[in-house]
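Enquirer: Turn this into a structure:
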Amino acid sequence: MLSQETHPLIEVRDLRKVYSVPGGEVIALDGINLTIEKGQIFGIIGMSGAGKSTLIRCLNKLDTPTEGQVLIEGKNILAMGKKDLLATRRRMAMIFQQFNLLMQKTVARNVRYPLEIAGVPAKQANERVMELLKIVGLEEKANAYPAQLSGGQKQRVAIARALASDPEVLLCDEATSALDPMTTQSILALLQKINQELGITVVLITHEMAVIRQICSKVAILDGGRLVEEGSVDDVFMHTKSAAGRRLFGILPEQEEIPAQPAIRIVFDSTSADQPIISKLVKEIDIEVNILSADVRQLNGKSYGQMMIARPENPVEVKRVMDYLRDAGMTVEEVHS
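Expert: Down below sits the predicted model:
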């Protein structure tokens, strides 16, 4: 019996997007390759101008790439005819930073709007609307108008409307950046609930590392239109190689840290965050250590941290310190002034 070939839910291959501008061109995306599996909450992060919004709009061909492929379960969306493209877009609902609600329609009518366009019978549509409002916790607001809602409530309506077509993927374009921190947490918790209970894959773009830390399982970091890192949130945090990743994760400040003296940076995970690793190092290898700075933070419910210690002058001692820390499961690197 022949095995059926399986594909990632979304696969981006060599994606490039170039915009023509007066006097030249702007490269918004430059050779992006990434894979998103079914059921993931996949975060795409970068600073303003990194190419995040362009990338997410290319996933459903709201923006047409200059080169490359976007495969949905192995089928190239960029080569699809109009009928297949519309069907694929229905599988990939989108929510935006500014909610995009119809201000003259009630909450219920906003949520029902995609069902009306699809020709769903009124009774069935009304029942579905109430199911969706219950999912987002707004049953009592069915007859309210958007102007009567808070920002968080408006985004919940937008999420309910996006779910109306039973999508497999929810594309979130800076969906929380217009909200205050407490409301942001509640919206992220809702997206996590939708992912876990409905099995919907979530692709979330943001410039805020706190958003990635709260709910994402995988992350891709964009910088200047290029993909500089991709992997699990834990792995990328622990083994960040790019300056953009270090700034976004808080391992480096916005302006790269230049220590006043040669130093060793230590990044440690939840298994060692509570261990007296420096005191053990001093006792076991008999080398004095001068701590220059330290920080511990939460990532996906686990404690992670970093520390900067002065680098010993003796190269042999440097090697002994770094070998000891690596054997203890930490990521270490030398940092020069």
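
Enquirer: shaky segments in this structure?
Expert: Applying pLDDT under 70 to the chain flags residues 1-5, 238, 249-260, 268-275, 297-304, 337.

Enquirer: ok, which stretches of it are strands?
Expert: 10-21, 24-36, 41-45, 67-72, 75-76, 92-96, 169-173, 201-206, 218-223, 226-232, 263-268, 291-299, 302-310, 331-335 (DSSP state E).

Enquirer: Now render these as a markdown table, adding distance to residue 139 and mean neighbour count.
Expert: To be clear about C-beta, it is placed using only N, CA and C from the backbone, and glycine gets the same treatment. Formatted as a markdown table, the strands of the chain follow (distance: least, C-beta to C-beta, whole Å; neighbours: other C-beta atoms under 10 Å):
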| stretch | distance to residue 139 | mean neighbour count |
| --- | --- | --- |
| strand 10-21 | 33 | 16 |
| strand 24-36 | 32 | 17 |
| strand 41-45 | 26 | 26 |
| strand 67-72 | 33 | 18 |
| strand 75-76 | 38 | 13 |
| strand 92-96 | 20 | 21 |
| strand 169-173 | 21 | 23 |
| strand 201-206 | 23 | 24 |
| strand 218-223 | 33 | 25 |
| strand 226-232 | 37 | 18 |
| strand 263-268 | 45 | 22 |
| strand 291-299 | 33 | 14 |
| strand 302-310 | 35 | 19 |
| strand 331-335 | 48 | 15 |
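
Enquirer: nearest to residue 60, of those?
Expert: strand 92-96 (4.7 Å; C-beta to C-beta).

Enquirer: any idea how far that closest one is from the chain center?
Expert: 15 Å (C-alpha atoms, centre = their mean, to the nearest Å).

Enquirer: repeat for stretch 78-96
Expert: 22 Å.

Enquirer: what is the orientation angle of the longest helix anywhere in the chain with strand 169-173?
Expert: Counting by DSSP state H, the longest helix found in the chain is helix 181-198. When axes from the mean of the first three to the mean of the last three C-alpha atoms, to 10 degrees is applied, the directions of helix 181-198 and strand 169-173 differ by 170 degrees.

Enquirer: Please save the CA atoms from helix 181-198 in CSV.
Expert: The C-alpha coordinates for helix 181-198 follow below in CSV (Å, rounded to 0.1, in the frame of the first residue of the first chain):
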residue,chain,number,x,y,z
PRO,A,181,-0.8,45.3,28.3
MET,A,182,-3.6,43.7,30.3
THR,A,183,-6.0,43.6,27.3
THR,A,184,-3.1,42.2,25.2
GLN,A,185,-2.7,39.3,27.6
SER,A,186,-6.4,38.5,27.5
ILE,A,187,-6.5,38.5,23.7
LEU,A,188,-3.4,36.3,23.5
ALA,A,189,-5.0,33.9,26.0
LEU,A,190,-8.1,33.8,23.7
LEU,A,191,-5.9,33.0,20.7
GLN,A,192,-4.2,30.3,22.7
LYS,A,193,-7.7,28.9,23.6
ILE,A,194,-8.8,29.0,20.0
ASN,A,195,-5.6,27.1,19.0
GLN,A,196,-6.0,24.5,21.6
GLU,A,197,-9.7,23.9,21.6
LEU,A,198,-10.5,24.4,17.9
